[in-house]
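In: The following comprises the amino acid sequence and a computationally predicted model.
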Amino acid sequence: MTAFTAWPSSPDGLVELYPRLPEPALRVNFIASVDGAVTVDGLSGGLHGPGDKEIFESLRMVCDALIVASGTVKAENYDALRLTPEARKWRLDHGLPEFPLMVIVSRSLNLDLDQLVFSDAPIRPIVLTCRGAPAERVAEVADVIAAGDDRVDLAAGVAALHERGATQLLSEGGPHLLGSLIEADLVTELCLTVSPMLVGGGPGRIAAGPATPQPRSMSLRHVLTLEDMLFLRYGR
């Protein structure tokens, strides 16, 4: 039985609990209520609580690239991926680029290029799309990776990121992206925050889309708590 882990006394303790891995990995970070809702009034922010922000920032700090679906970028009004000065120093001290890559997955490329995730980006973002998408406008502000013909081939996209040296990948959603990552058997870890809230019917699950024909078993790495929040880390 996996024992409960005490909340670490320093940021370094979180890095030890959620480390960079020796092999290529795709880690997913999600939050849900105790009754399974992923949003309150359409946004995940209504579920947040003590400790969630610290883990969120630590996972971003140790990754090579953050992968997010364009719908989530728009709905959650993503800012540029700049990190705190402390996180940037940690990355430089550990031989990493000062900033991780920001990767936005979009089939349609219906993107607001004035949004801060593009207009205030410290390094040029990457847009992962398919070959049939009109990429000229987006290519002015982002590097475009076209993978797949009429839908985004996530396995090919992940391989392209590996070729760029980004092997520690982090995804923050949304549910359709997670469902597609599960379908493609790309998820190495799931970091799930359980918020002590009852939301009721309406909001969907953390993963959306068709059920995978071959469910994959995961192992519980740790159970971390702070006040009434629960933080679970599952890995292959």
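Out: Arrived safely. Residues are numbered from 1 along each chain as shown.

In: what's the spacing between the nearest residue in space to residue 203 that is not next to it in sequence and residue 22?
Out: Closest residue to residue 203 apart from its sequence neighbours, by C-beta to C-beta, 6 or more residues apart in numbering: residue 37 at 3.9 Å. Heads up, the C-betas are built off the backbone N, CA and C, glycines and all. Going from residue 37 to residue 22 by C-beta to C-beta, to the nearest Å gives 35 Å.

In: More neighbours: which of those two?
Out: residue 37 (23 against 7; other C-beta atoms under 10 Å).

In: Starting from the helix or strand of the chain with the lowest mean pLDDT, tell me which strands it pairs with and how they run.
Out: In the chain, no helix or strand scores lower on mean pLDDT, DSSP states H and E than strand 4-5, which sits at a mean of 84. Its sheet considered, strand 4-5 pairs with strand 219-226 (parallel) by DSSP bridges.

In: Distance from the chain centre to stretch 24-37, please.
Out: Distance, stretch centre to chain centre, for stretch 24-37: 9 Å (C-alpha atoms, centre = their mean, to the nearest Å).

In: Any buried residues in that stretch, and which?
Out: 25-33, 37 (16 or more other C-beta atoms under 10 Å).

In: Same question for stretch 214-232.
Out: Neighbour counts over stretch 214-232 (16+ other C-beta under 10 Å) mark 221-222, 224-226, 229-232 as buried.

In: now do stretch 99-108
Out: Buried residues in stretch 99-108, defined by neighbour count with 16+ other C-beta under 10 Å: 99-107.

In: Show the end-to-end separation of that stretch, please.
Out: 27 Å (C-alpha to C-alpha, to the nearest Å).

In: go on, stretch 79-90?
Out: Termini of stretch 79-90 sit 21 Å apart (C-alpha to C-alpha).

In: And stretch 209-217, by the same measure?
Out: One end of stretch 209-217 sits 19 Å from the other (C-alpha to C-alpha).

In: what's next to it, contact-wise?
Out: With contacts defined as C-beta atoms under 8 Å, 6 or more residues apart in numbering, stretch 209-217 is touched by 175-176, 179-180, 182-183, 185, 187, 236.

In: mind listing the helices for this structure?
Out: In the chain, the helices defined using DSSP state H lie at 11-17, 52-62, 70-75, 85-93, 116-119, 154-163, 175-183.

In: These into CSV, with extra columns for mean neighbour count, mean pLDDT and distance to residue 204?
Out: Listed next are the helices of the chain as CSV, based on neighbours: other C-beta atoms under 10 Å; pLDDT from 0 to 100; distance: least, C-beta to C-beta, whole Å:
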stretch, mean neighbour count, mean pLDDT, distance to residue 204
helix 11-17, 15, 95, 28
helix 52-62, 18, 97, 20
helix 70-75, 19, 94, 13
helix 85-93, 14, 97, 31
helix 116-119, 17, 96, 24
helix 154-163, 17, 98, 20
helix 175-183, 20, 95, 6
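
In: Arrange the ones you listed in TSV, one row each, with distance to residue 133 as further columns.
Out: Shown next, in TSV, are these (distance: least, C-beta to C-beta, whole Å):
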stretch	distance to residue 133
helix 11-17	37
helix 52-62	27
helix 70-75	11
helix 85-93	32
helix 116-119	16
helix 154-163	13
helix 175-183	16
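
In: Can you tell me which of these is nearest to residue 130?
Out: Judged by C-beta to C-beta, the one of those that comes nearest to residue 130 is helix 154-163, at 9.6 Å.

In: The closest one: how far from the chain's middle?
Out: Counting by C-alpha atoms, centre = their mean, helix 154-163 is centred 15 Å from the centre of its parent chain.

In: Thank you, goodbye.
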